[in-house]
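Student: Return a 3D structure for these sequence lines:
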Amino acid sequence: MPSRRSLLISLFVGAGHAVGLLAVAHALGYTVGPAAYTAVGAGWRYGGLALVASLPVWLALRYRLVAPFVGLVATTGYVLGVELTPPGPTFRDVAELERLAEPTGITVVENGLYIVRYMTNASVWTVCFLFIGLFEYVVRTTRDWLPDVRAPPPWLSVPTSRRRAATVAATGGLVHAVAMVWFASRLGVTASGGFDSILYPFGAVGMWILAAVPLFLLVRHVLVAPAGLLSVFVLLDVRAEFTASVDDPHALYFGGWFFFLGILLATGGVEYGLRRLGGYRPVLPR
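Tutor: Just a heads-up that it's a prediction; the model follows:
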């Protein structure tokens, strides 16, 4: 399919995805109209809902990458399923929960807000689908028993040169870092003991390293396990925000990134060892 046509179709589907979810949210009684947000806030939320669907659809139409699209369908289906099946969202005043004599005017929602959380965190979901797409691209490009990718871009032959791999890794790491720093800021992640001033610089550098390393190993050395596991980490991190909890998985992911990096490196080492035992060594361009 021509690139312009696939782009227009994906944008159309993304807009329909956003309008449909917002219509359901409005019918459920959520305050999701433009008046509830600033102009920037409304653009971020509505645009995020459109982009999170447009990207997987574009990857499916342009390159026949199916995993991001399957992830989109599963996630959107889950959100709509839990919103539209009993028990539905229940709006309660805090006074009812705290057994206070007078209403406080502060409303909490039980068994709901899935669409709102999906909309607010759409940027992180988009990064997740992007990494899943890159993972599938490399796997299908380097495995003869899988269908070929349609019209692979010439600038991303796999395995690629060291310089190209560094560019892909640095760009992917930056995208991951921006999304995760914003995510931590929105959730109000803090550090005890007076370390708030170094938490975000430390976390930002870590978020870049955590994505750049497995992406470099993926496109340069065709080590797929670290990048696949990174996608799982991002998926579990953002999925946990669908339900309110006293625990914050993203605080651990953001502040303890070196722990997750160790797991990714160990996984890559195991895959490399198994590959050497099997006698497979990819031919690496300069």
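
Student: Helices of the chain, start to end?
Tutor: 3-27, 39-63, 67-84, 94-98, 114-120, 122-142, 162-187, 196-221, 224-239, 249-255, 257-278 (DSSP state H).

Student: Low-confidence stretches in the stretch 1-150 of the chain?
Tutor: Along the stretch 1-150 of the chain, the parts satisfying pLDDT under 70 run over 1-2, 92-108, 110.

Student: What is the neighbour count of the residue nearest to Leu199 when sequence neighbours are not counted?
Tutor: Among residues not flanking Leu199 along the chain, Ala191 sits closest, at 4.3 Å (Cβ to Cβ, 6 or more residues apart in numbering). C-beta coordinates here come from the backbone N, C-alpha and C atoms, glycine included. By other Cβ atoms under 10 Å, the residues close to Ala191 number 16.

Student: go on, Leu187?
Tutor: 15.

Student: before we move on, what about His26?
Tutor: His26: 13 neighbours (other Cβ under 10 Å).

Student: Use 840 as the first number from now on
Tutor: Got it, the first residue is 840 from now on, which makes the last one we talked about His865.

Student: Quick check, it in contact with Gly872.
Tutor: Yes. Using Cβ atoms under 8 Å, His865 makes contact with Gly872 at a distance of 7.1 Å.

Student: tell me the contacts of the residue nearest to Leu1038?
Tutor: 1037-1038, 1094 (Cβ atoms under 8 Å, 6 or more residues apart in numbering).

Student: do Pro1088 as well
Tutor: 1075-1076, 1079.

Student: which of the residues you listed lies closest to Val988?
Tutor: Leu1075 (26.7 Å; Cβ to Cβ).

Student: Identify the residues contacting that closest one.
Tutor: So Leu1075 contacts Pro1088 (Cβ under 8 Å, 6+ apart).

Student: hang on, the earlier thing: could you dump the contacts of Ala1030 to TSV with pLDDT, distance to Arg1114 and neighbour count?
Tutor: Converted to TSV, these look like this (pLDDT from 0 to 100; distance: Cβ to Cβ, whole Å; neighbours: other Cβ atoms under 10 Å):
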residue	pLDDT	distance to Arg1114	neighbour count
Ile1037	89	39	10
Leu1038	91	38	17
Gly1094	92	33	20
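
Student: Out of these, which comes closest to Leu973?
Tutor: Gly1094 (25.8 Å).

Student: So the closest one sits against Leu1026, correct?
Tutor: No. Here Gly1094 lies out of contact with Leu1026, judged by Cβ under 8 Å, at a distance of 11.9 Å.

Student: ok, how many other residues are close to Pro992?
Tutor: By the measure other Cβ under 10 Å, the count of residues near Pro992 is 10.

Student: Thr929 now?
Tutor: 10.

Student: ditto for Ser1070
Tutor: Residues near Ser1070, counting by other Cβ under 10 Å: 25.

Student: close enough to count as contact, it and Phe970?
Tutor: Yes. Using Cβ under 8 Å, Ser1070 is in contact with Phe970, at 4.5 Å.

Student: ok, the nearest residue to Phe1041 once chain neighbours are set aside to Thr915 distance?
Tutor: Spatially, and ignoring its direct neighbours in sequence, Phe1041 is nearest to Gly1094 (7.6 Å; Cβ to Cβ, 6+ apart). Applying Cβ to Cβ, to the nearest Å, the value for Gly1094 to Thr915 is 30 Å.

Student: measure the closest residue to Trp994 other than its chain neighbours to Gly1012 for me?
Tutor: Leaving aside its sequence neighbours, Trp994 sits nearest to Arg1003 (Cβ to Cβ, 6+ apart; 7.0 Å). To Gly1012, Arg1003 is 15 Å away according to Cβ to Cβ.

Student: Comparing those two, which residue is more hemmed in?
Tutor: Each of Arg1003 and Gly1012 has its neighbours counted (other Cβ under 10 Å); Gly1012 has more, 21 against 17.

Student: Would you agree the more buried one is in contact with Val1044?
Tutor: No. At 9.8 Å, Gly1012 does not count as touching Val1044 under the criterion of Cβ under 8 Å.

Student: dump the residue contacts of the residue lying closest to Met1019 once chain neighbours are set aside.
Tutor: In space, and not counting its chain neighbours, Met1019 is closest to Met1046: 4.4 Å by Cβ to Cβ, 6+ apart. Applying Cβ under 8 Å, 6+ apart to Met1046 gives the contacts 1012, 1015-1016, 1019-1020, 1093, 1096.

Student: How many residues are close by Gly880?
Tutor: Neighbours of Gly880 using other Cβ under 10 Å come to 12.
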